[in-house]
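Turn this into a model:
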Amino acid sequence: MREIVLDTETTGFDPHKGDRLIEIGCVEIMHGVATGRNLHLYINPERDVPASAVAVHGLTEAFLRDKPVFAEVVGDFLDFIGDDTPLVIHNAAFDTNFLNYELGKLGFPALKPQRIIDTLQMAREKFPGSPASLDALCRRFEIDNTNRTLHGALLDSQLLALVYVELTGGKQRGFDLMADAAQTVET
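Residues are numbered from 1 along each chain as shown. Modelled structure (predicted):
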C-alpha cells in the first residue's frame, strides 16, 4: 500500500490570521518501505516571516522571496500525494488546516479526513501520558535525529516515516530514508 508521510513549515499558527505555508516535505512509502521518491517544496509566503518562526525552522523572508508561490506548486503537490493515498502526518490538524486553507483559496477541495493518519494521536493512544513529540518518539525508538537542529519539512517527514514504521509494528528490512535523497523533487 502506498502512503505519503508529510510535514509542513509555516510563518505561524493560523492561516485565517494571515499565516502561510512556507515549506512542504513528502516521503513516499510502499508497504512500510521507503521508495526513495520525495517531494520538497519551498514556498514564498508573500509576507514577512516572524523571528519566532525563523527560530523554529530557520527559513527567512529573504530566503523564500524568490521561491514560487503555492499556486505555482499546487499541481506538483497534488500529483505527488494522489487522490486517495493515505497521508501520515504528526499533529495532522495543524498541517491540514494550512493545506486546506491554501487549497481552498485556489478552488481545490479539502483533503479528505478519512485519508489522514495522525501519528501524534497514534502515539498518545499507544503510550498514554508519555511525551509524543517527534523528538520524543525518535528517542523512544532510538532513531538518530542528531541532524535535526531546526525543524525542516523534508527531514521531519523522513524521521516521521521511521517513527511511523515503529508505531505500526517495527522496522522493516531496507527501510533507510535518510540515505536516499537522490530522487527528491525540489522546487
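
any chance you could map the helices in the chain?
The residue ranges that make up the helices of the chain, judged by DSSP state H, are 51-57, 61-64, 70-81, 92-105, 119-126, 134-140, 153-167.

With mean pLDDT and mean neighbour count added, can I get those helices in TSV?
Where you see a C-beta, it was placed from the backbone N, CA and C, and this is true even at glycine. Formatted as TSV, the helices of the chain follow (pLDDT from 0 to 100; neighbours: other C-beta atoms under 10 Å):
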stretch	mean pLDDT	mean neighbour count
helix 51-57	97	14
helix 61-64	98	15
helix 70-81	98	16
helix 92-105	98	18
helix 119-126	98	17
helix 134-140	97	18
helix 153-167	97	24
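
now the ones you listed as a markdown table including distance to His16?
What follows is these, written out as a markdown table (distance: least, C-beta to C-beta, whole Å):
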| stretch | distance to His16 |
| --- | --- |
| helix 51-57 | 16 |
| helix 61-64 | 21 |
| helix 70-81 | 16 |
| helix 92-105 | 7 |
| helix 119-126 | 21 |
| helix 134-140 | 25 |
| helix 153-167 | 21 |
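
closest to Val5 out of the ones you listed?
Of all the helices of the chain, the one in closest proximity to Val5, counting by C-beta to C-beta, is helix 153-167 (4.3 Å).

Quick one: list the elements packing against the closest one.
Based on contacts counted as 3 or more C-beta pairs under 8 Å, 6 or more residues apart in numbering; DSSP states H and E, the elements that helix 153-167 packs against are strand 2-10, strand 21-30, strand 33-42, strand 87-89, helix 119-126, helix 134-140.

got a list of what the closest residue to Asp118 other than its chain neighbours touches?
When the adjacent residues along the chain are set aside, Asp118 lies closest to Ala92, with 3.9 Å between them (C-beta to C-beta, 6 or more residues apart in numbering). Shown here is Ala92, whose contacts under the criterion C-beta atoms under 8 Å, 6 or more residues apart in numbering are 116-118, 120-121.

next one: Leu78
Contacts here follow C-beta under 8 Å, 6+ apart; on that basis Leu78 touches Phe108.

Okay, it and Gly152: tell me how far apart.
With the distance defined as C-beta to C-beta, to the nearest Å, Leu78 ends up 22 Å from Gly152.

got it, and Leu41?
For Leu41, the distance to Gly152 equals 12 Å [C-beta to C-beta].

Ala92 now?
Between Ala92 and Gly152 the distance is 18 Å, computed by C-beta to C-beta.

cool, Pro113 as well?
The gap separating Pro113 from Gly152 is 26 Å, by C-beta to C-beta.
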